[in-house]
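Trainee: have a look at this fold, sequence not included:
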Ligand code: C2E
Ligand code: MG
Ligand code: MG
């Protein structure tokens, strides 16, 4: 089932709304107002001449000037009737009040004239409007003396509430007798008394032939004008009053209104069509209009349909005498457009709001909108560092193409996910789990090594990527973190870096540490091993134990996240002892199988200053599961040593028992040169951040080379960690580094996989 919102958007829905509004407008009178506004134009379109069957004899200013008295002596009327009939008038109708007597002589003369007229003369009866708007009989009939030989016709005129005369009656009931209206009498049409017809104001009043009354009563007129015509006699002189407002012709004499009403009936019997039909016809146009796609299309279609609708109504009227109201159609078309327009503006605004103008890529608001749901995943931001120079040299269209090509590659690496342009030189996309992050970024770096093609040029993209977890703080915070990470990566010359700012947030949100104790005993925490390969004979001589935590709800939690937390919350001791115990067990198995292997365990430096920890370790060594010489402690430091003396002493003691001591992450943070002097080191691990670019960056190469030399001077073995490609490995060989560790050789893997790795020779891909 469609929702209300959806159906409101459909063409049918829009037209239904427009019909409801139109009906409301008709009920509240707006329809009538609109109808009156368009009326003059409608008549103007149909304008035509009178039939010529009617002659108006005007009681005009000229006649008033000639006759000089008022009311006019009735001898004049008598004379006019005589002359007109003599010249062959078809009928004579007076729009003059004969309800009161004048002079006995004048009345008698007029009565005699009527007696001679053989009933061809009609005299008026006046009915007046009551308050309720109905025509009511009031006895304003001609004098009985005149009535005897004349027909009677009603001359009542009923203006609308705005004072304009639009319609005339077919007849009225006066003094209980139904009588034709003056116009019905002239045209010889019958119609129901008290029913009305619209006066056709498209007939030009000036096309009705006219004679001045005085010329008629004097007998000085062209008889051809009279012969065979119905004659209507009434006042047109301004001083005689009797004037009415009309649509299109302004204020005109009542007799002319009567003449136009008569002409209307001479042409035929006009019919008023219903507004329902008007609405039905317009609704069909509305259905087309409601499909308009653009603002311009809507405006053009609205204008065209308004004109078309008017043409249909007016054309129909011209051919059939049936006039349908025009306002309902006009209103319906306008309401349809008005209902469609805001929707279109909203849609347009929406697409503009969510799209980057230059490239058409979805923008930052689009990204925020797409990821409102509380999904837990990673976001990545790729910062394009050379965009400014590309824009300056190549111009905006090539720049846009350049950005789009980068977006293509990001999309390729991110498994066809959406790529958003969230800033001028920033593209963002989402990643799944943490495992995906590493894979995707390795792939991405590979695809970005090749220059991009934009504007028929090959352009290199200088890009660094920042990755952040979308945590409880939401996508916006994650984007900020990812951006900071991307900047940090740029500053440190790395391809990508991961944000590490939301540890506390994570700890709070999942109360991780509270769960760690249970995790240790429940098997959620376990150990993987990453091989270390001797560069002298490419054999696996050691492994590094790396702790893993698969949380039942959160999935894999990375050690960089929970190790610092465990340190802060005092849980690092049981964790480390657990790893050490596990490592010794596994190592014993491998050694029993004949592999002369050592294993490294990561020990945070502050731990070795704690006596209880040291005691536990010594107790474990005492059990002799493996000889102490088969173990290496990789000392990592996430904070300056609180008690360096105690730590150094403890390490010296382990060293004295034969345990190897390795300085982890050398070159970064706290692992400084001074420890080379003070700690009883057997091994030095150069941090991945220096190693990974050593074969590409002169500075990193120098750092690695000099560290190797320095360590060898001091009799310390050098391990390089984070080797991902063959070029890097070759470089390390060339600087006589002792041991290599990294994804190129093997990722951290379960203990049983180490066993099989040890029995088969390791395969390193050849250099390209
Ligand atoms: P680390 O001791 O420097 O360990 C090396 C880290 O680099 C591991 O990450 C390993 O998976 C990763 N790695 C190895 N080769 C490559 C490579 O070629 N490319 C890349 N990109 N990464 C590589 P992991 O397992 O996430 O461990 C992170 C850190 O957590 C470790 O750094 C270590 O400081 C700490 N950690 C891990 N296990 C333990 C533990 O049992 N105790 C303590 N105290 N710390 C641990
Ligand atoms: Mg380590
Ligand atoms: Mg390290």
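Mentor: That came through, no problem. The model shown is predicted, which means the values in this text are computed figures rather than measured ones. Ligands and ions are numbered 1, 2, ... in the order given.

Trainee: quick check: which element contains residue 21?
Mentor: Counting by DSSP states H and E, the element that carries residue 21 is helix 11-27.

Trainee: okay, buried residues for that helix please.
Mentor: 11, 13-19, 21-23, 25-26 (16 or more other C-beta atoms under 10 Å). (C-beta placed from N, C-alpha, C; glycine too.)

Trainee: biggest separation within the residues you listed, which pair?
Mentor: 11 and 26 (22.4 Å; C-beta to C-beta).

Trainee: any idea of the mean pLDDT in the helix or strand containing residue 400?
Mentor: Per DSSP H and E, residue 400 falls inside helix 396-413. Averaged over helix 396-413, pLDDT sits at 92.

Trainee: ok, and for that helix, which residues are buried?
Mentor: 398-407, 409-410, 413.

Trainee: can you check what angle separates the helix or strand just after the helix holding residue 21 from helix 11-27?
Mentor: For helix 11-27, the following helix or strand on the C-terminal side (DSSP H and E) is helix 30-45. Between helix 30-45 and helix 11-27, the angle comes out at 90 degrees (axes from the mean of the first three to the mean of the last three C-alpha atoms, to 10 degrees).

Trainee: which residues touch the residue of the chain most remote from its centre?
Mentor: In the chain, the residue that sits farthest from the middle, by C-alpha atoms, centre = their mean, is residue 105; the gap is 88.2 Å. When contacts are counted by C-beta atoms under 8 Å, 6 or more residues apart in numbering, residue 105 touches residue 75.

Trainee: quick check, residue 98 in a helix?
Mentor: No: with DSSP: H, G, I helix; E, B strand; the rest coil as the criterion, residue 98 is coil rather than part of a helix.

Trainee: list the contacts of it.
Mentor: Taking C-beta under 8 Å, 6+ apart as the criterion, residue 98 is in contact with 110, 123, 124, 142, 143, 146.

Trainee: for the residue farthest from the centre of the chain, give its distance to residue 223.
Mentor: 28 Å (C-beta to C-beta, to the nearest Å).

Trainee: mind telling me what element residue 340 is part of?
Mentor: Using DSSP H and E, the element containing residue 340 is helix 327-354.

Trainee: flag every buried residue along that helix.
Mentor: Buried residues in helix 327-354 (16+ other C-beta under 10 Å): 327-340, 344, 354.

Trainee: test my guess that residue 475 contacts residue 369.
Mentor: No: under the criterion of C-beta atoms under 8 Å, residue 475 is not in contact with residue 369, lying 9.8 Å apart.

Trainee: higher neighbour count, those two?
Mentor: Set residue 475 next to residue 369 and count neighbours by other C-beta atoms under 10 Å: residue 475 wins out with 24 against 14.

Trainee: for that one, give me the pLDDT.
Mentor: 84.

Trainee: can you count the residues close to the closest residue to it other than its chain neighbours?
Mentor: Closest residue in space to residue 475, ignoring its immediate chain neighbours: residue 371 at 4.6 Å, by C-beta to C-beta, 6 or more residues apart in numbering. Residues lying near residue 371 (other C-beta under 10 Å) number 21.

Trainee: so the closest residue to residue 567 other than its chain neighbours versus residue 683, what's the distance?
Mentor: The shortest distance from residue 567 to any non-neighbouring residue, by C-beta to C-beta, 6+ apart, is to residue 604 (5.7 Å). Per C-beta to C-beta, residue 604 is found 17 Å from residue 683.

Trainee: one more: residue 176?
Mentor: Counting by C-beta to C-beta, the gap from residue 176 to residue 683 is 130 Å.

Trainee: with residue 166 instead?
Mentor: Distance of residue 166 to residue 683, given as C-beta to C-beta: 108 Å.

Trainee: same question, residue 112
Mentor: Taking C-beta to C-beta, one finds residue 112 at 148 Å from residue 683.

Trainee: next one: residue 462 relative to residue 489, how far apart?
Mentor: Counting by C-beta to C-beta, the gap from residue 462 to residue 489 is 12 Å.

Trainee: for residue 140, same thing?
Mentor: 104 Å.
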